[in-house]
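S.K.: Here is a sequence together with a model predicted from it:
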Amino acid sequence: SYVGKTFVNQTSGKVLASDGIKGRVFRVSLADLNKDEDRSYRVIQLIAEDVQGDQVLTNFHGMTFTTDKVKSLVRKWQSLVEGIVEVKTNDGYVVRLFCIGFTKKRTNHKKSNCYAQTSQVKQIRKKMVDIMTREASSGDLKNLFQKFISESIAKQIETECQGIYPLQNVYIRKCKVLKRPKFDAYKLSEMHTETTAKEDKGAPVAPP
């Protein structure tokens with residue numbers, strides 16, 4: 001989808017304008033990308049990989065949470081559990097995923113706090129790493145990005161950790177692309193063509 005405009009110096013001699021754009025990283029809120037204000041806490045990083053005419057074709061470069069969202073999740077009387085893993089997707093991208101989750105009170109819990117024991121934290125962290133590895137390695141980067149948006153990985157972690165200790169506010173809070181495969185211009189343009197085709201252009205309105 002169309003994100004915005006970027007400036008670059010004109011082609012001068014052997015210095016091409018397109019070379020000045022390639023490699024630029026753009027930070028865009030998911031709310032602007034998907035027209036969904038509820039997801040404004042996710043910031044998506046897009047890297048410029050190719051230039052076709054006046055169009056800059058970007059690819060996924062990373063994802064993070066806004067600082068205020070992370071701070072709003074951290075509260076007293078609960079344990080914070082974080083899992084980090086490096087995994088390779090089907091299409092050759094190496095990504096580092098950061099998962100965050102918080103313990104919550106069980107049913108009929110009498111104490112004011114809900115701290116997990118060290119052994120339980122280790123079990124939850126292992127489960128986080130296992131699920132993130134399984135989900136990321138089973139598909140390509142585009143598929144992984146869809147899982148971030150639908151929160152499907154976080155929901156699985158929350159469900160599978162119920163037997164260890166109940167969790168709440170589980171999120172994949174950050175993703176970094178560490179290595180990417182050899183640049184394929186055809187694959188990139190094909191991906192952008194598919195995205196454009198899926199966008200609803202609306203029906204033409206007849207003049208009065």
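M.R.: Everything's here; your move.
S.K.: quick one: low-confidence ranges for this protein?
M.R.: Across the chain, the ranges flagged by pLDDT under 70 are 1-2, 183-208.
S.K.: Recalculate using a threshold of 80.
M.R.: 1-4, 6-21, 32-39, 52-55, 106-112, 114, 183-208 (pLDDT under 80).
S.K.: biggest strand in it by residues?
M.R.: strand 167-179 (DSSP state E).
S.K.: got the contact list for it?
M.R.: Contact with strand 167-179 is made by 60-65, 70, 73, 81, 86, 92-104, 124, 132, 141, 144, 148, 151, 153-155, 157-158, 161, as judged by CB atoms under 8 Å, 6 or more residues apart in numbering. Where you see a C-beta, it was placed from the backbone N, CA and C, and this is true even at glycine.
S.K.: Centroid-nearest residue for this structure?
M.R.: The residue lying closest to the centre of the chain (CA atoms, centre = their mean) is residue 63, at 4.2 Å.
S.K.: so what's that residue bridging to?
M.R.: residue 44, residue 175 (DSSP bridges).
S.K.: pretty sure it contacts residue 148?
M.R.: Yes: counting by CB atoms under 8 Å, residue 63 touches residue 148, with 6.0 Å between them.
S.K.: As a check, name the ranges of all strands in the protein.
M.R.: 25-29, 42-52, 55-65, 80-88, 94-103, 167-179.
S.K.: I appreciate the help and will end here.
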